[in-house]
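**Q** Next comes the sequence, and after it the predicted model I'd like to discuss.
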Amino acid sequence: MSGEEEENAAELKIGDEFLKAKCLMNCEVSLILEHKYEQLQQMSDDPMNQVSQVFEKSLQYVKRFSRYKNPDAVRQVREILSRYQLAEFELCVLGNLCPETVEEAIAMVPSIKNRGRALDDEAIEKMLNDLSLIKRFE
Amino acid sequence: MFLKVQLPWNVIISAEDLDAKGLMLQRSIIIRLLDDFACKKATKDLGYFSAVTTLDSIGEGKVRQHSGDVLFPVVFSGITFKLFRGEILDGVVHKVLKHGVFLRCGPVENVYLSNLKMADYKYVPGENPIFLNDKLSKIGKDVTVRFMVIGTKWLEVEREFQALVSLEGDFLGPVS
């Protein structure tokens, strides 16, 4: 179906321009879009009328699928995940899906095991623990 | 996946919207850019355009000969949403058919999960039809499902994407 036969996010083959592009976690998008929406609310009585359908659907989606709501927690999640030499794409998948076990994390982001990085099970376990701590103290 | 992108764009401001005061011009450019951005909806390469975040630079305007409109090359940053093959995501079921279900995922409405790609689930007809497996795991309307993208297709006329997804893999299926 897709033109680029090579594309496979599980192996982190998503095209150079996207590998370098900054990916955003749902919780980050939620903060940005909600802020935009509040700005519109101050300017007009009927803000939903001012935004595109794509905006509206995106906002609904990220509100439902944000694991972290508090801006400080969102910042910490990115901070913690950045310590593990992950690609932007991998970082955001982990932040969005919040796997609970090492096994689940590898199933969600198979590429963390495939690349020549020394990300062993212990490191993944520590990463998941740190993430769940943020969630608990939010 | 949501992406942060920086894009060049040409904004055309009609002669009557031009104003000697710089502030108004900036405003016209932003309004026009937001309109264009909303109309465009999506592109094949970058996916759906969710929002403009910042207007990074405004180049020198060029007057167009016949209309007197002015074209400004601008650079802005925004957020887009694109599905990648092999990516794992959560979506919400919005339609249940005999041979599969349609899910919504971000701005994408046509995410199709065929019964062939969730072979252990059986269709259960009724007023609210559902798919059910041996472990009584249920896929029905408004249920959140975690899936893997196996293919995407860009529809040029509708300016939309369609995606095929699968539950074949560990830790995929309905999420409570």
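**A** Received it, and whenever you're ready, just let me know what you need. Numbering: from 1, shown residues only, chains lettered A, B, ... in the order given.

**Q** Every contact and neighbour count from this point should use C-alpha atoms.
**A** OK.

**Q** Could you check the lowest-mean-pLDDT helix or strand in chain B against chain A for contacts?
**A** Every helix and strand of chain B was ranked by mean pLDDT, DSSP states H and E. The lowest is helix B:22-40, at a mean of 82. Yes: residues of helix B:22-40 are located near chain A by Cα under 8 Å from any Cα of the partner chain, namely B:Ala38, B:Cys39.

**Q** since we're on the closest residue to B:Arg159 other than its chain neighbours, how many residues are nearby?
**A** Closest residue to B:Arg159 apart from its sequence neighbours, by Cα to Cα, 6 or more residues apart in numbering or on different chains: B:Ala42 at 5.9 Å. Using other Cα atoms under 10 Å in any protein chain shown, the number of residues around B:Ala42 comes to 24.

**Q** Run through the residues of chain A sitting next to chain B.
**A** Proximity of chain A to chain B is confined to A:1-2, A:7-11, A:14, A:21-26, A:29, A:33, A:51-52, A:54-55, A:57-58, A:60-62, A:65, A:89, A:92-93, A:97, A:104, A:107-108 under the rule Cα under 8 Å from any Cα.

**Q** quick one: the helices in chain A?
**A** Taking DSSP state H, the helices of chain A run over residues A:16-20, A:26-43, A:47-50, A:53-64, A:71-81, A:88-97, A:102-108, A:111-114, A:121-137.

**Q** Of those helices, which stretch is the most buried?
**A** Here the criterion is mean neighbour count by mean count of other Cα atoms under 10 Å in any protein chain shown, and of those the winner is helix A:88-97, at a mean of 22.

**Q** Contacts for that one, please.
**A** Residues outside helix A:88-97 that contact it (Cα atoms under 8 Å, 6 or more residues apart in numbering or on different chains) are A:12, A:19-27, A:65-67, A:77-78, A:81-82, A:105, A:108-109, A:111-112, B:1, B:88-90.

**Q** try 7 Å this time
**A** Applying Cα atoms under 7 Å, 6 or more residues apart in numbering or on different chains, the contact partners of helix A:88-97 are A:Leu19, A:Lys22, A:Cys23, A:Leu24, A:Met25, A:Asn26, A:Ser66, A:Arg67, A:Leu81, A:Val109.

**Q** From these, keep the buried residues only.
**A** The neighbour count (16 or more other Cα atoms under 10 Å in any protein chain shown) marks A:Lys22, A:Cys23, A:Leu24, A:Met25, A:Asn26, A:Ser66, A:Arg67, A:Leu81, A:Val109 as buried among the contacts of helix A:88-97.

**Q** Tell me how chain B divides into domains.
**A** B:2-81, B:88-174 (automatic domain parsing).

**Q** between the ones you listed, which one is nearest to A:Glu125?
**A** Closest to A:Glu125 of the domains of chain B is domain B:88-174 (Cα to Cα; 17.2 Å).

**Q** In chain B, what residue spans correspond to strands?
**A** B:2-13, B:42-43, B:47-58, B:62-63, B:70-81, B:88-97, B:100-105, B:108-114, B:122-124, B:130-132, B:138-139, B:144-155, B:160-166, B:173-174 (DSSP state E).
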